[in-house]
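In: following is a predicted model, sequence given first.
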Amino acid sequence: MSEGIGAFMMGEMEKFIQSTVPEMLSNLK
């Protein structure tokens, strides 16, 4: 796997986490 693809995947994962985590936290309340 090339560095570019790795960095892209990390960026996408971070975006996904940042959009999902708040939802999960609000569901826990």
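Out: All right, it came through fine. Quick caveat, the model's predicted, so the values are computed rather than measured.
In: can you show me the helices along this structure?
Out: Remark: helices assigned in the chain by DSSP state H are 3-28.
In: poorly predicted segments of it, please.
Out: Across the chain, residues meeting the criterion (pLDDT under 70) sit at 1.
In: do that again at 50, thanks
Out: Counting by pLDDT under 50, the chain contains no low-confidence range.
In: what's the separation between Ser26 and Thr20?
Out: Relative to Thr20, Ser26 is positioned 11 Å away (C-beta to C-beta, to the nearest Å). (Each C-beta comes from the backbone N, C-alpha and C, glycine too.)
In: what's the answer for Met13, then?
Out: For Met13, the distance to Thr20 (C-beta to C-beta) stands at 10 Å.
In: counting neighbours, what do you get for Ser19?
Out: Using other C-beta atoms under 10 Å, Ser19 has 9 neighbouring residues.
In: in contact with it, which residues?
Out: Contacts for Ser19 were tallied using C-beta atoms under 8 Å, 6 or more residues apart in numbering; there are none.
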